[in-house]
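Trainee: the sequence and its predicted three-dimensional model are supplied below.
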Amino acid sequence: MPTKDEVFEKVREALMDALGVDDDEVTPEATMVGDLGAESIDFLDIVFRLEKAFEIEIPRSELFPEDILTSAEYVQDGKVTDAGVAELKKRMPFADLTKFEANPVVQDFGNLLTVNDLCRYVETKVASDE
Amino acid sequence: MRWFWIDRFTEFESGRRAVATKNISLAEEQMDGYMYMPVLPIMPTPLIIEGLAQTGGLLVGEHNQFRERVVLAKLGKATFHTPALAGDTLTYTTTVEEIQPDGAICICTSHIGDLLQAEVELIFAHLDDARFKGIDLFEPADFLRMLRMFRIYDVGIDANGERLRIPEHLLAAEQEDIAQND
């Protein structure tokens, strides 16, 4: 089982390769989209690199719960409902949804994920595989 | 100007791997010298990447019987070890690393004989129905003509090693096109 530092280093390497960013830009607090400039196609690349680096499988819906964000049941007037937020928390226990919860506009969701969230996600995946 | 940057496929394993050749000729416009050094007819590297993308893009597209709109979305690493000159035959080999509903990743090489000329990682996207419904990137009958010209169906095999079959929807489009032009 890799240490937290080892996970962070491998995630940092994957993000540097996939996004062409410098190592000092990849901080735990950096958001994938806003700070590191990731676009939708980059996530395919990032997921692929993480799968290889950690020898894990990453179902896309675990990192990007598009089904919830496009569901009529969980979205009203462009905002995720309380039930939707609860579902997101259940689906993404690794992500810090505190800020999003205060004003859960669907459009802002894409900029939620941080490097730290990604590391936590990988840690849980590696642990569950062992 | 025609935008064919491969001449033909020599191997095609559905969903796995494809090999195509590109013969570089001085007769071609891109070799005129204005882009690179005037007296050294070097094949421009972006056009080698385009050739690899055509090889890999058709490999990725065939996986879903050419029903997805496949576009080159991103270049990973690209390393050129040596220039390609007029008279060289480039062998492009593309291998699928991953195909997902939203795109695919291919690892590609270009060789001159046994010499590794370039290594490139390509990421393709499938343009989604939400934004591109009703938009075809190619006219189906023309597209099939191009596939035949590239000899994909002469050399191609499917996942079971059987001869690669032309998708019904492309054959139907071709028949319709022939009937209209009769």
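Mentor: Received it, and whenever you're ready, just let me know what you need. Numbering: from 1, shown residues only, chains lettered A, B, ... in the order given.
Trainee: what lies in contact with stretch B:120-135?
Mentor: Stretch B:120-135 is contacted by residues A:41, A:44-45, B:49, B:52-53, B:56-57, B:60, B:68-79, B:94, B:101-110, B:137 when judged by C-beta atoms under 8 Å, 6 or more residues apart in numbering or on different chains. (Each C-beta comes from the backbone N, C-alpha and C, glycine too.)
Trainee: same check on stretch B:21-30?
Mentor: Stretch B:21-30 has contacts (C-beta under 8 Å, 6+ apart) with B:1, B:5-8, B:10, B:31, B:41, B:43-44, B:47-48, B:51, B:84-92.
Trainee: and the spatially most central residue of chain A, how far from chain B?
Mentor: Centroid check for chain A by C-alpha atoms, centre = their mean gives A:Leu113 as the closest residue, at 4.3 Å. From A:Leu113 across to chain B, the span is 17 Å (C-beta to the nearest C-beta, to the nearest Å).
Trainee: next up, the contacts around the closest residue to that residue other than its chain neighbours.
Mentor: With sequence-adjacent residues excluded and distances taken as C-beta to C-beta, 6 or more residues apart in numbering or on different chains, A:Leu113 is closest to A:Met32, at 4.8 Å. By C-beta under 8 Å, 6+ apart, the residues touching A:Met32 are A:Leu15, A:Ala38, A:Phe43, A:Ile46, A:Asn111, A:Leu113, A:Thr114, A:Val115, A:Leu118.
Trainee: centroid-wise, who is the farthest residue in chain A?
Mentor: Centroid-distance maximum for chain A: A:Asp77 at 24.2 Å, with C-alpha atoms, centre = their mean.
Trainee: return the helix or strand in chain B with minimum mean pLDDT.
Mentor: One helix or strand of chain B scores below all others by mean pLDDT, DSSP states H and E: helix B:129-132, with a mean of 82.
Trainee: quick check, central residue of chain B?
Mentor: Note on chain B: the residue nearest the mean C-alpha position is B:Gln54, at 1.9 Å, using C-alpha atoms, centre = their mean.
Trainee: so that one makes contact with B:Trp5?
Mentor: Yes - assessed by C-beta atoms under 8 Å, B:Gln54 is found in contact with B:Trp5 at 5.5 Å.
Trainee: other SSEs contacting the longest helix seen in chain B?
Mentor: Longest helix of chain B, by residue count under DSSP state H: helix B:45-63. Applying 3 or more C-beta pairs under 8 Å, 6 or more residues apart in numbering or on different chains; DSSP states H and E, we find helix B:45-63 packed against strand B:8-13, strand B:17-23, strand B:69-80, strand B:89-100, strand B:103-112, strand B:115-127.
Trainee: okay, and for chain A, where does confidence drop off?
Mentor: A:130 (pLDDT under 70).
Trainee: residue of it nearest chain B, please.
Mentor: A:Ile41 (4.3 Å; C-beta to the nearest C-beta).
Trainee: mind listing what that residue touches?
Mentor: The neighbours of A:Ile41, taking C-beta under 8 Å, 6+ apart as the test, are B:Ala73, B:Lys74, B:Asp102, B:Gly103, B:Ile123, B:Ala125.
Trainee: that older thread, and the residue nearest to the centre of chain B, how far from chain A?
Mentor: Using C-beta to the nearest C-beta, B:Gln54 is found at 19 Å from chain A.
Trainee: then B:Thr91?
Mentor: Distance, B:Thr91 to chain A, by C-beta to the nearest C-beta: 25 Å.
Trainee: beta partners of that residue?
Mentor: B:Thr21, B:His111 (DSSP bridges).
Trainee: what do you get for A:Val105?
Mentor: Going by DSSP bridges, A:Val105 is paired in beta bridges with A:Lys79.
Trainee: that one contacts A:Lys79, correct?
Mentor: Yes - the pair A:Val105 / A:Lys79 is scored as a contact, 5.7 Å apart, by C-beta under 8 Å.
Trainee: of those two, who's got more company?
Mentor: Set A:Val105 next to A:Lys79 and count neighbours by other C-beta atoms under 10 Å in any protein chain shown: A:Lys79 wins out with 15 against 11.
Trainee: need the strands for chain A, in chain order.
Mentor: Applying DSSP state E to chain A gives strands spanning A:75-76, A:79-80.
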